[in-house]
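>>> Task: produce atomic coordinates for the following.
(one chain, ligands or ions: 2)
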Amino acid sequence: MSEKSKKSPGSGLRELLKLYRFLKPHAWKFIIGLLFLLISSGASLMFPKLLGDMVDMGNKGLTLREITRTGLLLLIILVVQAFFAFFRTRIFVHVTERTLASIRQSLYNRLIRLPMTFFSERRVGELNSRISADISLLHDSITDTLADFLSQLLVITGGITLMMVTSFKLTLFTLAIVPAMALLAFFAGRAIRRYSKKAQSFVAESNTIVEETLQGIQNVKAFTNETFESKRYREKTEEVARMGIKRGKYQASMSFIGMGIFMSMALVIWRGAVMISNGLMEAGELFSFVIYSGFIAGNVAGMASVYTRLQKTIGAAENLLLLFDEPVEEIDENYVPQPAYTLHGEIQFDHVNFSYPSREDMVVLKDVSFNINSGQEIALVGPSGAGKTTIASLLLKFYDVKNGRILFDGRDSKEFPVTALRSQTAIVMQDVFLFGGTIRENIGYGKPDASEPEIIEAAVQANAWDFIRSFPDGLDTVVGERGVQLSGGQRQRVAIARAVLRDPRILILDEATSSLDSESERLVQEALEKLMHGRTSVVIAHRLSTVRNADRIIVLNDGVIVEQGTHNELIANSGLYRSLTELQFAR
Ligand SMILES: Nc1ncnc2c1ncn2[C@@H]1O[C@H](COP(=O)(O)OP(=O)(O)OP(=O)(O)O)[C@@H](O)[C@H]1O
Ligand SMILES: [Mg+2]
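Ligands and ions are numbered 1, 2, ... in the order given. The predicted structure follows:
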């Protein structure tokens, strides 16, 4: 028996308690809130007693004054109770919102620092939906569930004690029905939780469909797949409904709890009436007794729903805590460039073998070794899927190599903090990603504290300034989600400007000129040449004409370096490079 498969029943609760560490800074407020809650619930326990007393006073023929005094006392208690309830709600809302904000913040802080491995194994839409669903579950119950539980406990125990004092026998009568109700609540609650969880995951899947199709709406339309997507979405939402309906069956069974409450009341009144007629009890006592039993029954039923809520919350907390347990990359917020980590730009791949963690058995790079001297321009060419982008990802330490080493200036890359390496590197990615804001924000992403002249200078260098200037809003032009309001070539030049602004030691260009017409390609090529000057550059290109001048061209095929040398050497070689070149010129 493995330990993992069999969780102890308390483990979920322990997990939940771990989340209470976020409550710690507000512990005092929380405790005061709890105190207020106990006072207001305690005060409510006095009603039935006082109401019963008043009834008996009438029966015993006491004066108006005496009866009114009890009435006034009741009134004062009511007002006091309401005030305490008012403040405790305010305090709890405050604590909940603050706690939740810090849970959200630290969750996001962790999430964004998780390694690439984590993201390549998950669908972002699903992750997003799950997290927001889990957090909203926590929102509803982080303080309230606990508070409700405590107040119910108080009312139940206090109520039973007061009832016992009045009449032990009659109390047992009242409670006779409780165990059956509690069992019903327990089992129904468990089933409700199970189906809620299932429904939740179908909700996440259906959200993923919405998110992905809206993001790729052009593809959906171009392939006229609206019907297909509608069907996919319908299937998932039908599942959500099915789970909801199953859950509803158990929720509905909760109405028997209501029946139980009234049954126990009827039973008590029947029994009490007999006792009154035998002179064993007074009418007022029975009156308060009945109200107490209503109170208790209501709170027992309430406890059942608290139990269900607690189960849901535990589920949510477990999911969130799993994220907190994921190891994050060591990213240094306040990184200041240190001379010890200043790169000169020398790179060495030393017998590197690599496979992606999500596809362990497929070796993507096989025994790859090469050297790049400081300031050199190296081109990586080769057929699609050869492993070029993978090499770029490894340079940025997105993944760890399995065997072999990557060295910077002769030192193992493991010696460098990721922040040190990445802050001296800039990449223009194969699929350019722009954020939804303005051009200014997108260029400035390379250096968040850049001034306007710096941004303009970078745009000029990337040959982007002309088109930016031609827009009515200039740098403040909004690019739309993922930059859809710019052409492919414009997006690419914005991304190049971003890299220019960063002023990196190492520059990685993954197909940076792929979506440019020949005129802009010439302009961008010029800009890139300027940019590459004096830096180590790794240029990945399909169009071989763009890398002809590289200091060295490395030809990859299927994860293996098959050739390397200058353009002329490789042409003389009549290998893969030459045949690729011939293919392109034949076009
Ligand atoms: N995140 C990933 N997880 C698993 N496998 C991956 C991942 N990214 C790429 N691969 C696989 O690794 C291999 C090399 O991919 P890579 O992106 O490095 O190719 P490439 O040379 O850049 O190709 P292209 O010229 O088409 O951009 C491919 O077989 C690809 O399927
Ligand atoms: Mg690639």
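>>> contacting residues around residue 237?
202, 206 (C-beta atoms under 8 Å, 6 or more residues apart in numbering). C-betas here are computed from N, CA, C, even on glycine.
>>> Name the secondary structure element that contains it.
helix 226-253 (DSSP states H and E).
>>> and if you look at residue 468?
Here residue 468 is assigned to helix 465-470, by DSSP H and E.
>>> Could you look up the SS state of residue 399?
Counting by DSSP: H, G, I helix; E, B strand; the rest coil, the backbone at residue 399 sits in coil.
>>> quick revisit: other SSEs contacting the helix or strand just after the helix holding residue 468?
As assigned by DSSP H and E, the chain's next helix or strand after helix 465-470 is helix 488-502. If you count contacts as 3 or more C-beta pairs under 8 Å, 6 or more residues apart in numbering; DSSP states H and E, helix 488-502 packs onto strand 425-428, helix 439-444, helix 452-461, helix 518-532.
>>> one more time with 10 Å, if that's ok
strand 425-428, helix 439-444, helix 452-461, helix 465-470, strand 506-510, helix 518-532 (3 or more C-beta pairs under 10 Å, 6 or more residues apart in numbering; DSSP states H and E).
>>> Out of these, flag the one nearest ligand 2.
Closest of these to ligand 2 is strand 506-510, at 5.9 Å (criterion: C-beta to the ion).
>>> Mind giving me the packing neighbours of that closest one?
strand 377-381, helix 388-395, strand 425-428, helix 488-502, helix 518-532, strand 536-540.
>>> Using CSV, lay out these together with mean pLDDT, distance to residue 105 and mean neighbour count.
Formatted as CSV, these follow (pLDDT from 0 to 100; distance: least, C-beta to C-beta, whole Å; neighbours: other C-beta atoms under 10 Å):
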stretch, mean pLDDT, distance to residue 105, mean neighbour count
strand 377-381, 93, 40, 24
helix 388-395, 93, 28, 22
strand 425-428, 90, 28, 24
helix 488-502, 87, 27, 24
helix 518-532, 76, 37, 17
strand 536-540, 93, 36, 25
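>>> so which of these gets nearest residue 19?
helix 388-395 (34.3 Å; C-beta to C-beta).
>>> what's downstream of that closest one, the next helix or strand?
strand 403-408.
>>> Check whether the residue of the stretch 401-550 of the chain found nearest ligand 2 sits in a helix, strand or coil.
Nearest to ligand 2 in the stretch 401-550 of the chain, going by C-beta to the ion, is residue 430, at a distance of 4.8 Å. What three-state DSSP gives for residue 430 is coil.
>>> Residue 540 is in contact with that one, correct?
Yes. Between residue 430 and residue 540 a contact is recorded at 7.6 Å, counting by C-beta atoms under 10 Å.
>>> Setting aside sequence neighbours, what's the nearest residue to residue 44?
residue 81 (6.0 Å; C-beta to C-beta, 6 or more residues apart in numbering).
>>> roughly how far apart are that neighbour and ligand 2?
Distance, residue 81 to ligand 2, using C-beta to the ion, to the nearest Å: 68 Å.
>>> Same check on residue 378?
Computed as C-beta to the ion, the residue 378 to ligand 2 distance reads 15 Å.
>>> beta partners of the closest residue to that residue other than its chain neighbours?
What sits nearest to residue 378 in space, not counting adjacent residues and going by C-beta to C-beta, 6+ apart, is residue 372, at 4.9 Å. Residue 372 has the following beta-bridge partners by DSSP bridges: residue 347.
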